[in-house]
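Student: How does the following fold in three dimensions:
(one chain, ligands or ions: 1)
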Amino acid sequence: MAGGRDTGPRPLRTRAAALDAADGLRGARALFALDDGVYLDGNSLGALPAHVPARVADIVTRQWGELRIRSWDESGWWTAPERIGDRIAPLVGAAPGQIVVGDSTSVNVFKAVVAAARLRPDRTDIVVDASTFPTDGYIAESAARMTGRRIVPVAPAELSSALGPDTAVVLLNHVDYRTGRLHDLPSLTADVHAAGAVAVWDLCHSAGALPVGLDAHGVDLAVGCTYKYLNGGPGSPAYLYVAERHQAAFDSPLPGWHSHADPFAMDHAYAPADGATRGRVGTPEILSTLALEAALEVWDGVSIDSVRAKSLALTDFFLECVAAYVPGGLDGPDSRLTSTTPVAHAERGSQIALRCAEAPAVMKELVARGVVGDLRRPDVLRFGFTPLYVGFADAERAAATLAEVLAEITPV
Ligand SMILES: Cc1ncc(COP(=O)(O)O)c(C=O)c1O
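Tutor: This next block holds a predicted model:
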């Protein structure tokens, strides 16, 4: 087996060790509860920061068990959605006061798309990324029916020619969940604005992996989850960004009492709170919200630019190892693997997606051998690179194991 993990000289393994030794983020791995496998699925569910279980135990036993109702004030439960939003803000390039945490991404897509459409009452079209993660498409379609608009599916590459005076809202994914393609947020947002429309971005696959620059690029509204690169835990709450300039006009389709200007007035007339708070709905999921807050401590002192630099180096190195180790190489006429992730750094998120006819059997065997990526049916092997806890030796080992597995699985 050419360059296999356990045979012959392995210069790439030597290089991996040198790259790991020079990695300024290498200390962060110790902050996570990980075994000696290779975890390349942080783009689906981030790993557990090791200090979170003790924090959750305290939240349950002391804050809930002993302080009970007093914790809404004394433990900061009431203000957690805004406080944690402000902790996420620097990771996505937002000034404080514009992000509120709560609900799922799907629910926040609904709030954002309807509120965006209400900002453009005279326009008919809601443009949706044709390759979007499905939930965004389903929700946008329902939002369109509810607001009397029309859905226009458009590939991001063709967006500028599809925009016009009827475009009210454009909903885009920053990184494509299947291919790992990074869309050009600054230029697409500028195109949306040139057409007079409102730009809504889904950051699920970019936040925590690369700089987003929400404020710098004039994004209007954005949503994202916290259980991938932000390591908030399964089902941890999502977030909604409402640019400050839109907050006064942000008209939520879910105006629950937690978004009221004075919730305990118990007034029958709705009066929205100021700021990002008007993106709240009802009682937040406190346990997972506070678990997220604890998990975000792993970002203390970490710059998102250093994360991006390592992410690109990791994905480059993984591709190099795959090309060197896998029989038939990568993307060639004899190869069993084709990368659908762009080679250009400017177009690449933090995952590598490889098409492979035998993908289901290959991923099953990889997982059995301690290399955990995931499968997107029918034929995509996804490998997510989370720079806080994935190293170059992991990338080399994953590629070598992939080569071993492919050599054992008969081509279909
Ligand atoms: C791009 C994108 N949007 C939305 C979602 C769905 O989010 P939720 O299940 O939190 O509603 C996901 C989930 O993986 C996603 O990747």
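Student: all helices for this protein, in order.
Tutor: Assigned by DSSP state H, the chain shows helices spanning 11-21, 52-58, 71-74, 80-88, 105-119, 134-147, 159-162, 185-194, 244-247, 286-295, 304-325, 359-368, 392-408.
Student: Would you tell me which one of the ones you listed is buried the most?
Tutor: helix 105-119 (a mean of 24; mean count of other C-beta atoms under 10 Å). Using the backbone N, CA and C atoms, a C-beta is placed for each residue, glycine as well.
Student: Tell me what angle that helix forms with helix 134-147.
Tutor: Counting by axes from the mean of the first three to the mean of the last three C-alpha atoms, to 10 degrees, helix 105-119 lies at 40 degrees to helix 134-147.
Student: what's around the closest residue to T401 other than its chain neighbours, how many residues?
Tutor: By the measure of C-beta to C-beta, 6 or more residues apart in numbering, the closest residue to T401 outside its immediate chain neighbours is V371, 4.7 Å from it. When counting by other C-beta atoms under 10 Å, one arrives at 24 neighbours for V371.
Student: just R149 next, same as before
Tutor: The number of residues packed around R149, counting by other C-beta under 10 Å, is 22.
Student: Can you name the residues of the stretch 1-150 of the chain sitting close to the ligand?
Tutor: By C-beta under 6 Å from any ligand atom, the part of the stretch 1-150 of the chain that sits against the ligand consists of S104, T105, S106, F133, T135, D136.
Student: What is the nearest of those to L34?
Tutor: Ranked by distance to L34 (C-beta to C-beta), those are led by T105 at 25.3 Å.
Student: can you pull the contacts of that closest one?
Tutor: The contact partners of T105, taken as C-beta atoms under 8 Å, 6 or more residues apart in numbering, are T135, D202, C204, V223, G224, C225, A238.
Student: again, but for C225
Tutor: S104, T105, C204, G232, S236, A238.
Student: excluding its backbone neighbours, what's nearest the first one?
Tutor: Using C-beta to C-beta, 6+ apart and skipping the chain neighbours, the partner closest in space to S104 is A238 (5.4 Å).
Student: so where is this protein shaky, pLDDT-wise?
Tutor: Scanning the chain for pLDDT under 70 picks out 1-9.
Student: Among the contacts of T105, find me the one that's closest to L119.
Tutor: Looking across the contacts of T105 and measuring by C-beta to C-beta, the closest to L119 is V223, at 15.6 Å.
Student: quick one: the nearest residue to that closest one once chain neighbours are set aside and I99, what's the gap?
Tutor: Of all residues not flanking V223 in the chain, N108 sits nearest, at 4.0 Å (C-beta to C-beta, 6+ apart). Remark: distance between N108 and I99 (C-beta to C-beta, to the nearest Å) = 11 Å.
Student: which neighbours do the two share?
Tutor: Between them, N108 and I99 share these contacting residues under C-beta under 8 Å, 6+ apart: Y239, L240.
Student: Quick one, which of the contacts of C225 are buried?
Tutor: S104, T105, C204, G232, S236, A238 (16 or more other C-beta atoms under 10 Å).
Student: Would you enumerate the residues in contact with F392?
Tutor: F392 is in contact with R15, A16, A17, L19, D20, D23, A313, L314, F317, counting by C-beta under 8 Å, 6+ apart.
Student: what about 6 Å?
Tutor: A16, L19, D20, F317 (C-beta atoms under 6 Å, 6 or more residues apart in numbering).
Student: Could you do G102 as well?
Tutor: Contact analysis of G102 by C-beta under 6 Å, 6+ apart lists P81, P237, R280, P284.
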